[in-house]
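**Student:** With the sequence up front, the predicted model follows.
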Amino acid sequence: MRMKALIIAAAIGTVAGSAFVATASAEDTIYVPLFTYRTGPFAVSGIPIANGMHDYLEMLNQRDGGIGGVKLAIEECETGYDTKKGVECYETVKDKKPVMINPYSTGITLQIIPKASVDKIPVLSMAYGLSASANGTYFPWIFNAPATYWDGASVFVRYIAQKEGGVDKLKGKKIGLVHLDAPYGKEPIPVLEALAKDYGFELVLYPVPAAEMLNQSSLWLNVRRDKPDWIYMQGFGAMNPTAVKEAAKIGYPMDHLIGVWWAGNEADGVGAEGKGYQSLSFTNIGTNFPVIQDIMKHVVSKGKTQTTKDEVGLNFYNRAVYNAILIAEGIRNAQKLTGKKVVTGEDVRRGLETINLTEARLKEIGASDFAPITRVTCEDHNGHNDAFLVQWDGAKWNKASENIKPITDKVIPLADAAAKDYAEKNAGWPKRTEACDKSS
Amino acid sequence: MLYREAGQFKTNYASDLAVFPILQDRMGIAAILLVAFVAVPYFGNDFLLQAIMIPFLIFSLATIGLNLLTGYTGLLSLGTGAFMGVGAYACYKLETLFPGVNIIVWIVTAGFASAAVGVLFGLPSLRIKGFYLAIATLAAQFFLQWCFVRIPWLFNYNTSGAIEVGTHTLFGIPITGPNATSTTRYLIALSIVVVMTWFASNLVHGRIGRMWMAVRDMDIAAELMGIRLLPTKLLAFAVSSFYCGVAGAMLVFLWYGGAEADVFSINQSFFILFMVIVGGLGSLLGSFLGAAFIFILPIFLRYVPPHVGMSIFPATVEHITFMITGGLIIFFLIVEPHGLARLWQTAKQKLRVWPFPY
């Protein structure tokens, strides 16, 4: 036994030793790590997201030879949606000089936010993470375009006001919020509370503990008793289909149940039962866009990905493609601003800050009517862009409304106050010293 | 050959009762401490310190805490994660209420809050044993985790519900928050763990440890010998929770730099319990070995394929790592049901008689 143990120990030791010999990354590539979760309880959502991000960047490599003639070194790090593993991933990729981090988990984002300015690595948390980090003055290294959860909740309120026939009709209405009882799920509460006060509707909270995601019957009994007029759902993973099923079971009018954009996975619709269920979105569905066609042509049909043909064009896949477009725009702008080919994290921070996806620019990259017009500035790292609704028809998602503006005059002051509060609570939060570039 | 005690004479009782009676053991400990305090921070990179060594130390401390309760006193607990959480939240509250006091003081003080909560949930241990006690501590786990989510005072009414760690300094050097280098945080974690391990070693080798072990081996016999069960068991709960609480505070303040309640879930409790079982019940060395096995081994396995030039998809690596780790746990438990610590003991015994085994 001892001999065996020694051999095992020696083997482990050798591997350990070699693990710490820093691998020098090739000089002529841009290193883009992607934090993904293809395993674990949230893999259903994680796989299309991982595929979409990977495929668009891989398509740039195949079609254009990278960005500005420099190939992208795409590397996935598996987080399993676990904060511990996310931190481990961050430490792993940090030494390889990544140009940005895409944490793809609100929990991981919260951990990385304070490190970003120290390690000089920008963080792109596309429409997730800390809503307050939309403020570029306090969070120069964090980007969460195109919209915050607070924008999403206010789009929901504006939509129901339209349906009810005006903001004044909201008075006395009862609006439920079914949310995951975790930082992510609690994000929209402050903005909904503020709007409830202003518009005079009543907000009822239905928290779903993470451990009880699959067991929501008692919660929906309460919903049946309270009879809220509309329900907004800030859920994720297995919580969403469970909620949709329960709502169908108690006979809740499905088109009055509206999920945030992360509650819009194909699995969340649960087939015919969920017919009518709506979810917010800012990216379009389907494959009928030049950018998606290019991915099909250069990546999927050549077998350079794990994506199967029918997965292309699904809701989360397309949203991840948009995320990758932001990554690419950030790098491209950084190259333009600095004149360098191989850019660093500091350059890309400036690049992200000058993102200006106009209608014309979107057309150029083949994404017009696919992705929202997005503009990031030094002060505003978000854009507070429009969102629209998609509706589940029993088999797939369909666009169900025009673009709806968030109630920015309510959301932005709240976000700014929260950013200030965050900086005050974290004694010694660094003041912004990064200069501001002109938008390209 | 090298490892034997021939010629080492004990001339007084103190040297006969020493924790490490053999010179080679003492030299080994000194060498490990030297490596840990000098070589690792000097040669190690950020990844080694931040992603491996700091969490390893923290989990080792939590494992020692649970080992004192489960391994030494024989009381099964599933509330470790929650007790760690109490330490973390207590430290956070103390730190924000009295920002002038050095953070290391609060990290250690937070252990007392955890100890108090531990005693409270240890009360049923006088009447219930074994699996039934495990269920009672499970209640602690769920209740406390509920508190972390639902009592906004605990996280200072933060909208995101998470606790965040600002920058604190010691002699002008930042030791927590994003500006603290991993080397300083590692050295602080190491110092705390070394001191607390030494303290635990003294506890278990002394009167209190013997009382605990007597209770573990047969509590009726222990009672007949004059050991009062309730204070003994409650003391075990208090000390165990103290260790877990300090580990929890370190987890947030020296490693994560911020946390949500989910970190202290039931999974964390199981994680620590596995470390205790794989490492060896009733062994301080086993606590370190168990923590290394459960926490570090998967990280190594994840980095094997890329380093031998195989390009396996990260998700596949994740699945394979799961399987290999699971397989190895079963393998080691079959080979040595008493844990890795026992394996080391056997190896030591064989070394002493090598090359002439009898």
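**Tutor:** Sure thing, it's come through.

**Student:** what does stretch A:184-199 rub up against?
**Tutor:** Identification of contacts with stretch A:184-199 by Cβ atoms under 8 Å, 6 or more residues apart in numbering or on different chains yields A:106-107, A:128, A:131, A:149-150, A:152-154, A:157, A:161, A:167, A:170-171, A:175, A:177, A:179, A:201-203, A:205, A:207-208, A:232, A:234-236, A:260, A:407, A:410-411, A:414, A:418, B:159-161. All C-beta spots, glycine's among them, are computed from the backbone N, C-alpha and C.

**Student:** Now with 6 Å, please.
**Tutor:** Identification of contacts with stretch A:184-199 by Cβ atoms under 6 Å, 6 or more residues apart in numbering or on different chains yields A:106, A:131, A:149-150, A:153, A:157, A:167, A:170, A:179, A:203, A:234, A:414, B:159, B:161.

**Student:** now stretch B:36-55
**Tutor:** Outside of stretch B:36-55, the residues within contact range by Cβ under 6 Å, 6+ apart are A:20, A:88, A:91, B:182-183, B:186, B:189-190, B:255, B:296.

**Student:** one step back: I'd like to know which of the contacts of stretch A:184-199 are buried.
**Tutor:** For the contacts of stretch A:184-199, a burial check counting by 16 or more other Cβ atoms under 10 Å in any protein chain shown picks out A:106, A:131, A:149-150, A:153, A:157, A:167, A:170, A:179, A:203, A:234, A:414, B:159, B:161.

**Student:** residues from the stretch 51-200 of chain B in reach of chain A?
**Tutor:** For the stretch 51-200 of chain B, the residues found near chain A under the criterion Cβ under 6 Å from any Cβ of the partner chain are B:51, B:149, B:159-162, B:164, B:166-167, B:178-179.

**Student:** if you look at these, which of them are in helices?
**Tutor:** The helices, defined by DSSP state H, take in B:Val149 from those.

**Student:** and the residues of the stretch 51-200 of chain B next to chain A as JSON lines, adding pLDDT?
**Tutor:** What follows is those, written out as JSON lines (pLDDT from 0 to 100):
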{"residue": "B:Ala51", "pLDDT": "83"}
{"residue": "B:Val149", "pLDDT": "83"}
{"residue": "B:Thr159", "pLDDT": "69"}
{"residue": "B:Ser160", "pLDDT": "69"}
{"residue": "B:Gly161", "pLDDT": "74"}
{"residue": "B:Ala162", "pLDDT": "77"}
{"residue": "B:Glu164", "pLDDT": "79"}
{"residue": "B:Gly166", "pLDDT": "75"}
{"residue": "B:Thr167", "pLDDT": "77"}
{"residue": "B:Pro178", "pLDDT": "72"}
{"residue": "B:Asn179", "pLDDT": "73"}
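
**Student:** circling back to that earlier point, mind picking the lowest-pLDDT entry from the buried ones among the contacts of stretch A:184-199?
**Tutor:** Comparing pLDDT over the buried ones among the contacts of stretch A:184-199 singles out B:Thr159 as the least confident position, at 69.

**Student:** how much space is there between the closest residue to A:Tyr128 other than its chain neighbours and B:Pro174?
**Tutor:** Across the structure, with Cβ to Cβ, 6 or more residues apart in numbering or on different chains as the measure, the residue nearest A:Tyr128 apart from its sequence neighbours is A:Thr106 (5.3 Å). As judged by Cβ to Cβ, to the nearest Å, A:Thr106 and B:Pro174 stand 26 Å apart.

**Student:** Look through chain A and tell me its longest helix.
**Tutor:** If each helix of chain A is counted by residues according to DSSP H, the longest one is helix A:315-338.

**Student:** Could I have the CA atoms of that helix written out in PDB?
**Tutor:** Coordinates of the C-alpha atoms in helix A:315-338 are reproduced here as PDB (Å, rounded to 0.1, in the frame of the first residue of the first chain):
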ATOM      1  CA  ASN A 315     -33.800  33.000 -27.200                       C
ATOM      2  CA  PHE A 316     -30.700  32.600 -24.900                       C
ATOM      3  CA  TYR A 317     -28.500  31.600 -27.800                       C
ATOM      4  CA  ASN A 318     -29.200  34.900 -29.600                       C
ATOM      5  CA  ARG A 319     -28.800  36.900 -26.500                       C
ATOM      6  CA  ALA A 320     -25.400  35.400 -26.000                       C
ATOM      7  CA  VAL A 321     -24.500  36.300 -29.600                       C
ATOM      8  CA  TYR A 322     -25.400  39.800 -28.700                       C
ATOM      9  CA  ASN A 323     -23.100  39.600 -25.600                       C
ATOM     10  CA  ALA A 324     -20.300  38.400 -27.900                       C
ATOM     11  CA  ILE A 325     -21.000  41.300 -30.300                       C
ATOM     12  CA  LEU A 326     -20.400  43.700 -27.300                       C
ATOM     13  CA  ILE A 327     -17.200  41.900 -26.600                       C
ATOM     14  CA  ALA A 328     -16.100  42.200 -30.200                       C
ATOM     15  CA  GLU A 329     -17.100  45.900 -30.400                       C
ATOM     16  CA  GLY A 330     -15.200  46.600 -27.200                       C
ATOM     17  CA  ILE A 331     -12.000  45.100 -28.600                       C
ATOM     18  CA  ARG A 332     -12.500  46.700 -32.000                       C
ATOM     19  CA  ASN A 333     -12.900  50.100 -30.500                       C
ATOM     20  CA  ALA A 334      -9.900  49.600 -28.300                       C
ATOM     21  CA  GLN A 335      -7.800  48.800 -31.400                       C
ATOM     22  CA  LYS A 336      -9.100  52.000 -33.100                       C
ATOM     23  CA  LEU A 337      -8.400  54.100 -30.000                       C
ATOM     24  CA  THR A 338      -4.900  52.900 -29.300                       C
END
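
**Student:** next SSE after that helix?
**Tutor:** Stepping forward along the backbone from helix A:315-338, the first helix or strand reached (DSSP states H and E) is helix A:345-353.

**Student:** average pLDDT for that following helix?
**Tutor:** Summarised as a single mean, pLDDT over helix A:345-353 is 89.

**Student:** now for it, which elements pack on it?
**Tutor:** Counting by 3 or more Cβ pairs under 6 Å, 6 or more residues apart in numbering or on different chains; DSSP states H and E, the packing neighbours recorded for helix A:345-353 are helix A:315-338.

**Student:** Could you tell me which ranges of the chain sit under the pLDDT cut-off?
**Tutor:** If you meant another chain, say so; for now it's chain A. Residues of chain A meeting the criterion pLDDT under 70: A:1-27, A:427-428, A:438-440.

**Student:** wrong one, chain B
**Tutor:** Per-residue confidence of chain B (counting by pLDDT under 70) places the weak regions at B:1, B:159-160, B:305-306, B:309-311, B:358.

**Student:** Buried residues, stretch B:98-113. List them.
**Tutor:** Residues of stretch B:98-113 classed as buried by neighbour count (16+ other Cβ under 10 Å): B:103-104, B:106-113.

**Student:** what comes into contact with that stretch?
**Tutor:** Stretch B:98-113 is contacted from outside by B:86-87, B:90-91, B:94-95, B:168, B:176, B:242, B:245-246, B:249, B:253, using Cβ under 6 Å, 6+ apart.

**Student:** Sitting in helices, which of those do you find?
**Tutor:** When the contacts of stretch B:98-113 are checked against helices (DSSP H), the matches are B:86-87, B:90-91, B:94-95, B:242, B:245-246, B:249.

**Student:** Done for today, thanks.
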